[in-house]
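[1] could you look at this predicted model? Sequence included:
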Amino acid sequence: MGWITARSALDRDFQRQGANLVDLAADGLVRTKAKALTIGRADPCRDIELPPSFWREMQRLTSSAYRDWKAGTFNTAIADFTGVMPSNAQRAVGVSFNVDDLGSYLPAAVPPAPSPLPTKPQVDDKPRGRSRAKGWDAWIAQLALAVNEGEVTPGTRAEHLINRINERLTLAGQDEMARATVQSAVDAVLEAIRTDTNG
């Protein structure tokens, strides 16, 4: 039985940014463990298997939980403005996932077969547009989740929405996007929501 880091597990769930992993662990289908688990202000428990209830709490608190997939650190709450964590908050550090369990649900990606070399040079006469910015797909995914979760209303300001989506990306261990890159998409989404509401 082997274990892989949270970051390696996330590579298997790249399309959902860890949502599948959290769901599988919450359902008890994938075992997880942490180098340390702290509940409230108690002393941390070392090298402990995380119960499904920990992940159910992560599911429930989508916007107020902290997830750092790169470091393998997960908090069921975020500190308030004074830096104090709620008394019932749980913090798991050094999280890893059971690779055997994962194989049943999120198999490792199989590298694509190398393409054969062309026999003669190919001429590509298709017009080329500007390529998408790195992280664009992750940004749009977070925007869709925010809309689905009711965080976007007709009165939402574009600047607030951009800041909120970038905050969600940071919590998911992703890079933020520049305002200029996402402004037109945010304007289009807000306009569509306003039109739909007023229509």
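    Received the coordinates, thanks.

[2] okay, buried residues for stretch 38-49 please.
    Neighbour counts using 16 or more other Cβ atoms under 10 Å place 38-39 of stretch 38-49 among the buried residues. All C-beta atoms are positioned from the backbone trio N, CA, C, and that covers glycine.

[3] check what contacts it and list those residues.
    Judged by Cβ atoms under 8 Å, 6 or more residues apart in numbering, the contacts made with stretch 38-49 from elsewhere in the structure are 31-37, 87-91, 93.

[4] which strand or helix spans residue 29?
    Using DSSP states H and E, residue 29 sits within no helix or strand.

[5] hang on, I meant residue 141
    If you go by DSSP H and E, residue 141 is part of helix 136-148.

[6] can you map out the helices along this protein?
    Using DSSP state H, the helices found in the chain span residues 6-12, 19-26, 52-60, 99-105, 136-148, 158-171, 179-198.

[7] want to throw the ones you listed into TSV with mean pLDDT, distance to residue 45 and mean neighbour count?
    Supplementary listing: these in TSV, determined by pLDDT from 0 to 100; distance: least, Cβ to Cβ, whole Å; neighbours: other Cβ atoms under 10 Å:
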stretch	mean pLDDT	distance to residue 45	mean neighbour count
helix 6-12	88	18	20
helix 19-26	89	17	21
helix 52-60	88	12	17
helix 99-105	87	21	16
helix 136-148	79	32	17
helix 158-171	80	24	18
helix 179-198	77	41	14
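
[8] quick one, domains of this protein?
    When the chain is parsed into structural domains using automatic domain parsing, the resulting residue ranges are 3-105, 136-198.

[9] centre of the chain to the longest one, how far?
    For domain 3-105, the distance between its averaged C-alpha position and the chain's averaged C-alpha position is 12 Å (Cα atoms, centre = their mean, to the nearest Å).

[10] repeat for stretch 191-199
    Counting by Cα atoms, centre = their mean, stretch 191-199 is centred 28 Å from the centre of its parent chain.

[11] roughly how far does residue 166 sit from residue 173?
    Between residue 166 and residue 173 the distance is 13 Å, computed by Cβ to Cβ, to the nearest Å.

[12] residue 191 now?
    When distance is defined by Cβ to Cβ, residue 191 is 31 Å away from residue 173.

[13] same question for residue 103.
    For residue 103, the distance to residue 173 (Cβ to Cβ) stands at 23 Å.

[14] likewise residue 97?
    In this view, residue 97 and residue 173 are 15 Å apart by Cβ to Cβ.

[15] compare the two (neighbour count), which wins?
    Neighbours around residue 97 and residue 173, counted as other Cβ atoms under 10 Å, are more numerous at residue 97. The numbers are 27 against 19.

[16] what's stretch 156-166 in contact with?
    Applying Cβ under 8 Å, 6+ apart, the set of residues contacting stretch 156-166 is 139, 142-143, 146, 151-152, 176-177, 179, 182-183, 186-187, 189-190, 193.

[17] revised request: answer the last question for stretch 192-199.
    147, 152-154, 156.

[18] swap in 6 Å and give it another go.
    Defining contact as Cβ atoms under 6 Å, 6 or more residues apart in numbering, one finds that stretch 192-199 is touched by residue 154.
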